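> Could you look at this predicted model? Sequence included:
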Amino acid sequence: MNKTASNQNESKRRSIVKAILWRFIGIIWTWMGAYAIIVLVPPSYRTAAFIATLIVIYHHSTRMIMYYFYERIWASVSWGRTEAVKPMSGREKALWIAGIIVSFSIIFFLIIYVTPMVKGK
């Protein structure tokens, strides 16, 4: 059953695995791109500033696209997801508040009226 991301929460373990895997992919991808740029740039253009600029452009333009697909793939993986708690309806909130008021009233009654009776015996 395919659920949307808004109906589910992500476990800490899933988030950690996603982050480590993304970092690993990023390191390999950036290293491969930087190596290719250094090898392919003609010697007459090989200045530190030019190489660095090409690496930054490569890194940020390709990683944005990769991240989109990375997240789309993870969206199809159900491991590490839990069903999100849906918000309470107005009726449920009213019942919850009423329950708290009744509970505190009983506790207050026991403290104010019953405790002195028990101590007095």
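Looks like it arrived, so ask away.

> how about the helices in the protein?
Remark: helices assigned in the chain by DSSP state H are 12-40, 48-75, 90-109, 115-120.

> Any idea which of the ones you listed gets closest to Arg81?
helix 12-40 (6.9 Å; CB to CB). The C-beta positions use only the backbone N, C-alpha and C, and glycine is treated the same way.

> tilt between the closest one and helix 48-75?
150 degrees (axes from the mean of the first three to the mean of the last three CA atoms, to 10 degrees).

> What are the buried residues along helix 12-40?
Arg14, Lys18, Trp22, Gly33, Ala34, Ile37 (16 or more other CB atoms under 10 Å).

> Report all helices and strands that that helix contacts.
Applying 3 or more CB pairs under 8 Å, 6 or more residues apart in numbering; DSSP states H and E, one finds that helix 12-40 contacts helix 48-75.

> Let me know the distance separating Arg91 from Val102.
Distance of Arg91 to Val102, given as CB to CB, to the nearest Å: 16 Å.
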